[in-house]
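Peer 1: How does the following fold in three dimensions:
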Amino acid sequence: MKKAISLFLALGMTAALLAGCGSSNSTPTDSDAAGSGAQAPANGSALSGTVSTNGSTSMEKVIGALSEQFMTDNSGVTVSYDPTGSGAGIEAVSNGTCDIGLASRVLKAEETGLTATTVALDGIAIIVNADNKVEDLTVDQIAQLFTGTVTDWSAVGGDAGTVACIGRESGSGTRDGFESITGTADACVLSQELTSTGAVIEAVKGNPNAIGYASLSAVEGQDGIKAVTVGGVACTEDTVLDGTYAIQRPFVLVTKNGTALSAAAQAFFDFATSTAANDLIKAAGAVPAAK
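Peer 2: Presented below is the predicted three-dimensional model:
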């Protein structure tokens with residue numbers, strides 16, 4: 001009889017344990033279905049899984065610095081970055097194929113059902129070949145150069161030579177920011193239309209008559225190019241922060257409304273938008289938004 005009772009109790013405890021293992025306080029989200037793979041920490045256990053980010057190539061240094069530190073602090077998490085451009089990143093988070101979209105511009109009116117959280121501010125530097133004599137341009141002169149109204153450098157204080165404008169592809173946040181500020185949307189006459197910030201920089205390095213635009217964070221420390229002042233104001237972290245540099249845009253993290261982030265993705269988002277990330281963002285050449 002005692003053996004029967006012991007067996008009954010043992011079976012009951014086993015069933016309870018199995019039921020506990022099969023239950024969860026969280027409900028799977030679209031983000032989990034997209035392949036986040038992150039598991040919510042229980043009883044203070046470490047985070048694990050992956051966080052997928054997708055979008056702006058201009059955010060490479062910022063997202064790289066943030067990801068590296070976050071993965072150091074959370075060794076069970078892998079943060080991935082797919083540099084597809086702002087438009088593609090916004091589409092990816094909208095359709096659920098990444099956890100967090102990255103955009104170097106504000107959301108457009110038609111990009112609905114999403115939330116954009118500014119993580120940093122970035123100046124769009126106007127770059128010319130290092131041998132170009134031009135040191136300063138107004139916003140209006142920049143617009144004239146890119147729209148073909150002015151086609152020779154001698155008209156803006158440089159040596160004679162045909163201006164070669166280098167720009168980004170359609171959907172680029174850098175292009176969108178540049179064109180919206182300079183009033184050149186759908187009007188630029190480009191010698192080359194390239195798909196990354198690095199490619200623009202290399203093209204300007206290789207052409208003494210070239211002019212292009214690139215993220216401040218990508219331009220700093222580069223040989224073979226120089227950033228001209230705009231209206232007498234240099235593109236620096238300080239002038240971006242105080243608003244005196246005219247050509248600037250936000251770096252944003254884009255999330256999908258109504259879709260909960262995984263534990264790891266939420267932790268990364270919270271870290272990236274906190275003051276704890278400010279020094280990393282500054283070191284990457286951008287201006288932190290968190291106060």
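Peer 1: all helices for the protein, in order.
Peer 2: Assigned by DSSP state H, the chain shows helices spanning 2-22, 30-33, 60-73, 86-94, 139-147, 173-182, 197-205, 216-219, 237-241, 263-272, 278-283.
Peer 1: Looking at those, spot the one closest to Ser80.
Peer 2: helix 60-73 (8.2 Å; C-beta to C-beta). Every C-beta, even on glycine, is put in place using the N, C-alpha and C of the backbone.
Peer 1: So what's the gap between the closest one and the chain middle?
Peer 2: Centroid separation between helix 60-73 and its chain, computed with C-alpha atoms, centre = their mean, to the nearest Å, is 12 Å.
Peer 1: and it, what other elements does it pack with?
Peer 2: strand 77-82, helix 216-219, helix 263-272, helix 278-283 (3 or more C-beta pairs under 8 Å, 6 or more residues apart in numbering; DSSP states H and E).
Peer 1: Show me the contact partners of the last one.
Peer 2: Counting contacts by C-beta atoms under 8 Å, 6 or more residues apart in numbering, the residues outside helix 278-283 that touch it are Val62, Ala65, Leu66, Gln69, Val119, Ala120, Glu237, Val287, Pro288, Ala290.
Peer 1: could those go into a markdown table alongside distance to Ser56?
Peer 2: Output for those, formatted as a markdown table (distance: C-beta to C-beta, whole Å):
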| residue | distance to Ser56 |
| --- | --- |
| Val62 | 9 |
| Ala65 | 14 |
| Leu66 | 13 |
| Gln69 | 19 |
| Val119 | 11 |
| Ala120 | 11 |
| Glu237 | 18 |
| Val287 | 16 |
| Pro288 | 17 |
| Ala290 | 19 |
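Peer 1: which among those residues end up buried?
Peer 2: Val62, Ala65, Leu66, Gln69, Val119, Ala120, Glu237, Val287, Pro288 (16 or more other C-beta atoms under 10 Å).
Peer 1: Out of those, which is nearest to Val163?
Peer 2: Among those, and counting by C-beta to C-beta, the member closest to Val163 is Glu237, at 28.9 Å.
Peer 1: Could you pull up the contacting residues of Ala218?
Peer 2: Ser58, Glu60, Lys61, Thr197, Gly198, Ile201, Gly285.
Peer 1: do the same with Ala92
Peer 2: Asn54, Gly55, Asp82, Thr84, Cys98, Gly101.
Peer 1: And for Thr84?
Peer 2: Asn54, Gly55, Thr57, Ala92.
Peer 1: Tell me the spacing between Gly231 and Asp270.
Peer 2: The spacing between Gly231 and Asp270, counted by C-beta to C-beta, to the nearest Å, is 38 Å.
Peer 1: just Gly64 next, same as before
Peer 2: Taking C-beta to C-beta, one finds Gly64 at 19 Å from Asp270.
Peer 1: Can you give me the separation between the closest residue to Asp131 other than its chain neighbours and Thr57?
Peer 2: In this structure, Asp131 finds its nearest non-sequential neighbour in Pro208, 5.3 Å apart by C-beta to C-beta, 6 or more residues apart in numbering. Applying C-beta to C-beta, the value for Pro208 to Thr57 is 25 Å.
Peer 1: neighbour count winner among those two?
Peer 2: Set Pro208 next to Thr57 and count neighbours by other C-beta atoms under 10 Å: Thr57 wins out with 26 against 16.
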